[in-house]
Structures are given as C-alpha cells and as structure tokens.
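Asks: kindly return the folded structure for what I paste below:
(one chain, ligands or ions: 1)
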Amino acid sequence: MKLFIDTGSVAEVEELASWGVLSGATTNPSLLAKEEGDPGDIVRRICELVGGPVSAEVVSDRAEGMVEEGRALAGLHPHVVVKVPFSQAGLAATRELTDAGLRVNMTLVFSAAQALLAAEAGATYISCFMGRLDDIGVDSTAVVAEIVAALRPAGVTSQVLAASLRHPMHTVTAARLGCEVATAPGKVLRQMLVHPLTEAGIERFGDDWRARPEFGTWLEGLVDSSKVALS
Ligand code: G3P
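Replies: Numbers count the residues shown, from 1 in each chain. Below you'll find the model as predicted:
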C-alpha cells in the first residue's frame, strides 16, 4: 500500500518527504484554507516535494464548473490529480475529465454503492473517509472491506484510497483490507514511528557499543576507508 500525506502545509511535506516513505499527497479546500500564500504555489511545491500524485480539489457544484476548475488545477503541475466530490455532477465531471486523459480522485465516498459509481465514471482513486464514518457510529472497517470486495471481482482498476485517517490503526486496517493507498495527516504518520521497544532497543544497542570504545574506533576507521575506496 502506498502512503500519501494529507495536508496543505508545505513545511509539513518538507519534513515528512525527507523520511523517504511518501508516494504522493492529498489536499482539500479546508486544508489549503488554513495556509498562507498562493494555493497554486503550495500545490506546485508539494508536487515537487513528493514527486508523485497530488490531489487538488474543485469547489464548483456544477459539472461544467468542476471540469473547468479541474482542467485549470491539472495545469498547475503534471503530478496534479483532480479531486472531485461525489455527487451526480461530480460523476459527470469525472467522466469528462477522465475521457480527456486527466486523473480524478473521487472524494467523499462513504459506501460501496458510491464507490461502484465512482469506478464506472473512471476515477483513478476512490477516497473513502474512515474517520468521518467512525465519527457517526458507522464501522469504517466494514465499509472499506465492502468497497474493496465490491470492486475487486469486477476487475476495476480504480484504486481505493483510505482517507480521513485519525490514528495508526486506520492505516494498518486500510493496508490489511487491500486499499492501494492511504493518505494520513502528518500527526498520524509521526504516531506510526513510535514504539517503546524500538526506542529502548536503540538505547541498549548504543550503550552496549559505547561500553567497548575500541569498537567505536574500529567502525570510524571502517567508515573512513570506505569513503576513500568510493572517492
Ligand atoms: O483529505 C480528505 C480527508 O482525509 C479529510 O480528513 O480528518 O477532515 O475527516 P478529515
């Protein structure tokens, strides 16, 4: 499963992209509205930083307006994927944009029935919001499982993108269920780093090694000679 970052913050993408685990990013109007600066510059910079698909969302509620905005957003950078909210107009816009060769991330999908429609409209990504389902007492695991099960036997090529992730277990569940992508906020990605046994293990390895100073000297010498061999 590919990991995307869900953010409008260039600083956050700069930090997280340095880990080498991001394949793309997703933004939405709410995330971009929190940021200072030109939204186009932000989207372009995120595209450069992640070097992969970056979703930028249309806001029109008419199919024609969505198509116009989608074409314009796609012109910002070759990595831009047009994010289109699920609706009748959104489906029509998705069909037109995908027929024109643009990639669409159909967002705000909360059921297998909606996912089937999004797939038929040609969406490259289908964003299912896990956190917002859990917020209203609907089991997001069951819904995502149903979406994956409904799309796969039909040989649908649309990728299921788990979104609205609130904690690391949402990410793990998305992977276990066969989602192709999960987009997580920086906070969740940072939480995924943490395990007390990892921290304790690193500390113990360091202490044991430092107890043998001559081994430290040996490793420094090895590093130096490998640099000489490479130069
Ligand atoms: O970008 C879409 C989605 O991930 C939003 O998440 O936390 O606002 O429900 P959230």
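Asks: just the helices from this protein, written as ranges.
Replies: Secondary structure of the chain (DSSP state H): helices located at 10-17, 29-33, 39-50, 63-74, 88-99, 112-120, 130-135, 140-151, 168-177, 186-193, 196-210, 213-230.
Asks: would a markdown table of those helices with mean neighbour count, distance to the ligand and mean pLDDT be doable?
Replies: Every C-beta, even on glycine, is put in place using the N, C-alpha and C of the backbone. Formatted as a markdown table, those follow (neighbours: other C-beta atoms under 10 Å; distance: least, C-beta to the nearest ligand atom, whole Å; pLDDT from 0 to 100):
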| stretch | mean neighbour count | distance to the ligand | mean pLDDT |
| --- | --- | --- | --- |
| helix 10-17 | 17 | 14 | 97 |
| helix 29-33 | 13 | 6 | 98 |
| helix 39-50 | 19 | 13 | 98 |
| helix 63-74 | 19 | 15 | 98 |
| helix 88-99 | 20 | 15 | 98 |
| helix 112-120 | 20 | 15 | 98 |
| helix 130-135 | 18 | 5 | 98 |
| helix 140-151 | 19 | 11 | 97 |
| helix 168-177 | 19 | 10 | 98 |
| helix 186-193 | 16 | 9 | 98 |
| helix 196-210 | 10 | 27 | 98 |
| helix 213-230 | 10 | 42 | 95 |
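Asks: dump these to CSV, plus distance to residue 161.
Replies: Output for the helices of the chain, formatted as CSV (distance: least, C-beta to C-beta, whole Å):
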stretch, distance to residue 161
helix 10-17, 17
helix 29-33, 15
helix 39-50, 15
helix 63-74, 17
helix 88-99, 14
helix 112-120, 11
helix 130-135, 11
helix 140-151, 10
helix 168-177, 9
helix 186-193, 15
helix 196-210, 28
helix 213-230, 41
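Asks: and of these, who's closest to residue 158?
Replies: With respect to residue 158, and counting by C-beta to C-beta, the nearest of the helices of the chain is helix 112-120 at 4.3 Å.
Asks: tell me how far the closest one is from the chain's mean position?
Replies: 20 Å (C-alpha atoms, centre = their mean, to the nearest Å).
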